[in-house]
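*Asks:* Next input, structure requested:
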Amino acid sequence: PVTGARGRRRLSVCAAARVLTAAGVRVRVVPSPVPWPRTGVGHGPGHLVVADSISWVDDLALRTVVPGLPVARSSATETRVGGLLRAGHTVTVGSAGTALLQAAVDAGAVVCPVAVRYRVDGEAGSAIAASLAGAPSWRSQARVVATHGLVVEVHLLPAIDPAGAARAPVRPAPVRRRVPVRAA
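*Replies:* All right, here's what the predicted structure looks like:
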């Protein structure tokens, strides 16, 4: 059933997963070494998820991993976001939405940074990421479908206390790639 917020969220997650699957994109989740605090409607303030998203692929991958209400800075105010967080909702913003940190501080919500990285057949996909950033939608979609073995890694980073978020800007830390050591 699609009635209610839970049903709409489930439909949104399934739709995002189906689009990614149809495009041949896999999503890999790298969990935080420290689990995020549990929240939910009626159980205290929600999470403000801040992601370094660059394209529609990131947005869909993030939707399948951290179902929340995506908010664009231009379409929302601190008051609205604060109300959603106080009600226990998860709100997702891009790194440009860090101006909404004050809403998280005011609501007592946890700030959860996320880093999104691309891999193609096990190698860093910085070229594909660069080609998607700012590209017209049709070109971006064609590039994704033409790239075989594309994996979007969603790195959940440790949550930040809202009081700490007010003192420092939230930027997802770079994800370091392990380089195998080869014997000579």
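
*Asks:* What strand or helix carries Cys112?
*Replies:* Cys112 is part of strand 110-120 when elements are defined by DSSP states H and E.

*Asks:* With only the CA atoms kept, save that strand in PDB.
*Replies:* What follows is strand 110-120 as a C-alpha-only set of coordinates in PDB (Å, rounded to 0.1, in the frame of the first residue of the first chain):
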ATOM      1  CA  VAL A 110      22.100  14.800  14.500                       C
ATOM      2  CA  VAL A 111      24.100  15.800  11.400                       C
ATOM      3  CA  CYS A 112      25.100  12.700   9.300                       C
ATOM      4  CA  PRO A 113      27.700  13.300   6.600                       C
ATOM      5  CA  VAL A 114      27.900  11.100   3.600                       C
ATOM      6  CA  ALA A 115      30.600  10.800   0.900                       C
ATOM      7  CA  VAL A 116      29.600   9.500  -2.500                       C
ATOM      8  CA  ARG A 117      32.300   7.900  -4.700                       C
ATOM      9  CA  TYR A 118      32.300   6.200  -8.100                       C
ATOM     10  CA  ARG A 119      34.100   3.000  -9.100                       C
ATOM     11  CA  VAL A 120      34.200   1.400 -12.500                       C
END
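
*Asks:* what's downstream of that strand, the next helix or strand?
*Replies:* Tracing the chain C-terminally past strand 110-120 and defining elements by DSSP H and E, one meets strand 123-124 next.

*Asks:* Direction included, what does that next one pair against?
*Replies:* For strand 123-124, sheet partners with direction are given as strand 110-120 (antiparallel), following DSSP bridges.

*Asks:* give the contact list for Asp161.
*Replies:* Asp161 makes contacts with 110-111, as judged by C-beta atoms under 8 Å, 6 or more residues apart in numbering. C-beta coordinates here come from the backbone N, C-alpha and C atoms, glycine included.

*Asks:* quick one: buried residues of the helix or strand where Ile128 lies?
*Replies:* When secondary structure is defined by DSSP H and E, Ile128 falls within helix 126-132. For helix 126-132, the neighbour count (16 or more other C-beta atoms under 10 Å) marks 128-129, 131-132 as buried.

*Asks:* Ser158 - how many residues pack around it?
*Replies:* Careful, residue 158 is Pro; it's not Ser. 12 (other C-beta atoms under 10 Å).

*Asks:* scratch that, Arg8
*Replies:* The tally of other residues near Arg8 (other C-beta under 10 Å) stands at 11.

*Asks:* Would you mind giving the secondary structure of it?
*Replies:* At Arg8 the chain is in helix, as set by DSSP: H, G, I helix; E, B strand; the rest coil.

*Asks:* What sits closest to the spatially most central residue of the chain if chain neighbours are left out?
*Replies:* The geometric centre of the chain, computed from its C-alpha atoms, lies nearest to Leu62 (C-alpha atoms, centre = their mean), at 4.0 Å. In space, and not counting its chain neighbours, Leu62 is closest to Ala51: 5.5 Å by C-beta to C-beta, 6 or more residues apart in numbering.
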